[in-house]
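Student: Task: produce atomic coordinates for the following.
(2 chains)
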Amino acid sequence: MTLAQALASLFGLSANIAIQVLACRLFPSRGLLGSIMLGFGAGLVVTLALSAPWPPRLDAGTIGTVLTSVITYAALGFSFFHVNNMGETARRIRLLRELVESPAGLTEAELLSRYGSREVLDRRLTRLLATRQLGERDGRYFADGSTVRSFSLMIGIAKKLVFKNPPAPR
Amino acid sequence: MIALAFGTATFLAGLVLHLFIWRVRVPAGTTRALALCLLGGMLAFVAGCALAGLHFPPARALFPDSLLQFAQAMLLALSLACAYYTSYPAVEVESPSLVIASIVAARGERGISRAELLEIFNDSAVVTPRIRDLLSDGMAEMCGDRLKATAKGAALGRAFTRWRALLGLGIGG
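Tutor: This next block holds a predicted model:
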């Protein structure tokens, strides 16, 4: 194994980040998710190219090395996706950013006036409508897609695995 | 395949420690506690394997046999831990999007209006608990009646501000 093969996933992640930034700036109409997918694909190509030996050969060692690199890259890419998602949707990150912009501090009322439940709700309704998880008719919202419900089910299962007594909704 | 197996086993050791502790009692300040559990469990596993290899040489066949292979295994373990760590908030805290979708789905053909949703999604339900989380995680502190970001919180906030600016995106939430 060479150093490049051992660290192929890190090079892949670097390519992922670079391509995502370029895609987000050059093709803003594709949105954040589009740039994330493009970056992930580019990083995967780099990971595969660096983890495979040259000249190519197929043996147990090669398969193990490539598989390990790809799984490592997938985990790194998944983490990077979450970081992007946090920047886009996380309430705590938004609250922190509001506090950073106010070095003198904010009272709770002032903080809530800058970022409160109305904005939390409106941003999410916009996203859910754009991804067709919800539909709107005559000013009322209806469930349309099933992706969100599937995620809800997966998270429910994860809660039962992690917590002895799943915590009350926070 | 040794790197794959060893790296995965290392991560699982950290995960098992985390699940064990969480099932006994969920610690306060879960962000820091989770990182310590994962890293501590992984470190203990690697140290245990090193000791096993010293005292029981046939066991060395199960471990990486070169520094590069060990590095690849550790990179895998840390990456899996990172993936779990960044996913954990979704398990701990209700996602407003999922809650909204569940509420709307439960209304069926009646649907629900924005005004009705706002009655459920008020500040006390969706924002105030996150302010409490920032305080308990040491990201923010009270100075009299004012909230301020701590050095740690400010560093995290600025990092995201710069990242979003690099992407050419506006403020999130």
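Student: Now the element after the helix or strand of chain B with the lowest mean pLDDT, going C-ward?
Tutor: Across the helices and strands of chain B, the lowest-confidence element by mean pLDDT, DSSP states H and E is helix B:96-107, at a mean of 86. With elements assigned by DSSP states H and E, the helix or strand that comes after helix B:96-107 is strand B:112-113.
Student: average pLDDT across that next one?
Tutor: The average pLDDT within strand B:112-113 is 92.
Student: And for stretch A:160-168?
Tutor: 71.
Student: Repeat that for stretch A:58-70.
Tutor: 91.
Student: List the contacts of that stretch.
Tutor: Stretch A:58-70 is contacted by residues A:1, A:5, A:8-9, A:12, A:44, A:47-48, A:50-53, B:1-4, B:7, B:72-73, B:76 when judged by Cβ atoms under 8 Å, 6 or more residues apart in numbering or on different chains. Where you see a C-beta, it was placed from the backbone N, CA and C, and this is true even at glycine.
Student: From those residues, which land in helices?
Tutor: A:5, A:8-9, A:12, A:44, A:47-48, A:50-51, B:2-4, B:7, B:72-73, B:76 (DSSP state H).
Student: returning to what we had before: make a PyMOL selection of whichever of the contacts of stretch A:58-70 turn out to be buried.
Tutor: Here is the PyMOL command that selects the buried residues among the contacts of stretch A:58-70 (16 or more other Cβ atoms under 10 Å in any protein chain shown):
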select buried, (chain A and resi 1+5+8+9+12+44+47+50+51+52) or (chain B and resi 2+3+4+7+72+73+76)
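Student: circling back: among the ones in helices among the contacts of stretch A:58-70, which pair sits farthest apart?
Tutor: Greatest spatial distance among those (Cβ to Cβ): A:L44 and B:I2, at 23.4 Å.
Student: Could you report the distance from B:V93 to B:R110?
Tutor: Using Cβ to Cβ, to the nearest Å, B:V93 is found at 28 Å from B:R110.
Student: For A:L95, which three-state class applies?
Tutor: At A:L95 the chain is in helix, as set by DSSP: H, G, I helix; E, B strand; the rest coil.
Student: er, A:G135 I mean
Tutor: With three-state DSSP as the criterion, A:G135 reads strand.
Student: Neighbour count: B:V93 and B:R110, which is higher?
Tutor: B:V93 (18 against 10; other Cβ atoms under 10 Å in any protein chain shown).
Student: report the longest helix in chain A, please.
Tutor: The single longest helix within chain A, with elements called by DSSP H, is helix A:60-89.
Student: what's the residue most central in space within chain B in contact with, if anything?
Tutor: Central residue of chain B (Cα atoms, centre = their mean): B:Y85, 2.6 Å from the mean position. Going by Cβ under 8 Å, 6+ apart, B:Y85 touches A:S79, B:L34, B:A35, B:L38.
Student: measure A:L161 to A:A15 for me?
Tutor: Computed as Cβ to Cβ, the A:L161 to A:A15 distance reads 34 Å.
Student: same question, B:L67
Tutor: B:L67 is 25 Å from A:A15, by Cβ to Cβ.
Student: With A:A143 instead?
Tutor: Taking Cβ to Cβ, one finds A:A143 at 38 Å from A:A15.
Student: same check, this time on B:T86
Tutor: In this view, B:T86 and A:A15 are 20 Å apart by Cβ to Cβ.
Student: Between those two, tell me which one has more neighbours.
Tutor: A:A15 (22 against 18).
Student: I'd assumed A:V46 was in contact with that one.
Tutor: Yes: assessed by Cβ atoms under 8 Å, A:A15 is found in contact with A:V46 at 4.2 Å.
Student: Tell me how many other residues surround residue 153.
Tutor: Chain wasn't specified; assuming chain A. 12.
Student: nope, chain B please
Tutor: For B:G153, using other Cβ under 10 Å, the count is 24.
Student: Assumed it was part of a helix.
Tutor: Yes: B:G153: assigned to a helix according to three-state DSSP.
Student: Spatially, which residue comes closest to it, not counting chain neighbours?
Tutor: Spatially, and ignoring its direct neighbours in sequence, B:G153 is nearest to B:M139 (3.4 Å; Cβ to Cβ, 6 or more residues apart in numbering or on different chains).
Student: Equivalent analysis for B:G170, please.
Tutor: Computed as Cβ to Cβ, 6+ apart, the closest residue to B:G170 that is not its neighbour in sequence is B:R164, at 7.2 Å.
Student: host element of that neighbour?
Tutor: Following DSSP H and E, one finds B:R164 within helix B:151-167.
Student: low-scoring stretches of chain B, by residue?
Tutor: Within chain B, not a single segment meets pLDDT under 70.
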